[in-house]
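S.K.: requesting a structural model of the entry that follows:
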Amino acid sequence: MLRQTPGSAAGAGPARLTVVRQEHTLGAAEDLGFAVEMLAAAKTGGLGPTLRLYRPQPTVALGQRDARLPGFDDAARACRQQGFVPLVRKAGGRAAAYHQGCLVVDHVEPGMEAVAGSRGRFAAFAELYASALRHAGVDAAVGEIPGEYCPGEFTVHGTTAAGRKIKLVGTAQRVVSGAWLFSSVLVIRDAAPLRRVLTDVYAALGLDWDPGTAGAAEDAAEASALDLDTVEAALIQAYAGYSPLAFGGFDALADAVHRPVA
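M.R.: Below you'll find the predicted structure:
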């Protein structure tokens, strides 16, 4: 459960958070873009606090800095050769890869203190995700690990039976006046394709990293049969400690996002 922390906009949740499971992909670029549309709708009052969950197409989301590197075109080509769609995200960070063995979480809320609460959200939601993974039987903790891809202070990592630390959750934020978007990728199963594509992408970009830090929750789980449904249920349970939950359909969410502002 998230606790109130001084200066943290993510301490106590809203009166209600609507959870939406997107059952079918819109396409790699469209899925990524829809999160930004959710943020815009929250800013203008067209969308209340919402949590969107979906299982993505194979994608490599590159950062704005990656796109300015001389090896970017080669990196994008390496993605396509391995069946991943290369996209440049509007949030910060370095290249991160995900596929249908992952769970993407887009959390938007309107709020006047959106900018001031940025660091508090990183800390609080990282602990929420780590707690959810522990509840699902995964050895998870918060903290950057040396050599990880898309490094961050609030990375959620796991520890394998052999004692190796692996990255399990990466997070990013986009904040505008009056609203925020907190996006996360939980890697649950089948890390090998992610490790391969990131190895080629980081080499093309001229960036150093340790491929051994790329893993999945199943690699740090008590039970080898960990699946996405189990982790999703644990995550929703963790969010129930943050805010009272309601559940909605994706069609209603899309209508709200695309409804013209009066």
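S.K.: could you dump the longest strand along the chain to PDB, C-alpha only?
M.R.: Using DSSP state E to define each element, the chain has its longest strand at strand 165-176. What follows is strand 165-176, C-alpha atoms only, in PDB (Å, rounded to 0.1, in the frame of the first residue of the first chain):
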ATOM      1  CA  LYS A 165      20.200  -9.100 -10.200                       C
ATOM      2  CA  ILE A 166      17.900  -8.500 -13.200                       C
ATOM      3  CA  LYS A 167      15.700  -5.600 -14.200                       C
ATOM      4  CA  LEU A 168      12.000  -6.300 -14.000                       C
ATOM      5  CA  VAL A 169      10.200  -3.000 -14.200                       C
ATOM      6  CA  GLY A 170      11.100   0.200 -15.900                       C
ATOM      7  CA  THR A 171       9.100   3.400 -15.400                       C
ATOM      8  CA  ALA A 172       8.800   6.800 -17.100                       C
ATOM      9  CA  GLN A 173       6.700   9.900 -16.600                       C
ATOM     10  CA  ARG A 174       5.300  12.700 -18.700                       C
ATOM     11  CA  VAL A 175       4.000  15.700 -16.800                       C
ATOM     12  CA  VAL A 176       2.000  18.600 -18.200                       C
END
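S.K.: list the buried residues in it.
M.R.: Going by neighbour count (16 or more other Cβ atoms under 10 Å), the buried part of strand 165-176 is 165, 166, 167, 168, 169, 170, 171, 172, 173, 174, 175. Using the backbone N, CA and C atoms, a C-beta is placed for each residue, glycine as well.
S.K.: residues contacting residue 223?
M.R.: Residues near residue 223 by Cβ atoms under 8 Å, 6 or more residues apart in numbering: residue 137.
S.K.: would it count as being in a strand?
M.R.: No: Residue 223 is assigned coil when assessed by DSSP: H, G, I helix; E, B strand; the rest coil, not a strand.
S.K.: re the thing from before, show me what the longest strand of the chain is packed up against.
M.R.: Helices and strands touching strand 165-176, as assessed by 3 or more Cβ pairs under 8 Å, 6 or more residues apart in numbering; DSSP states H and E, comprise helix 28-43, helix 118-135, strand 156-159, strand 179-187.
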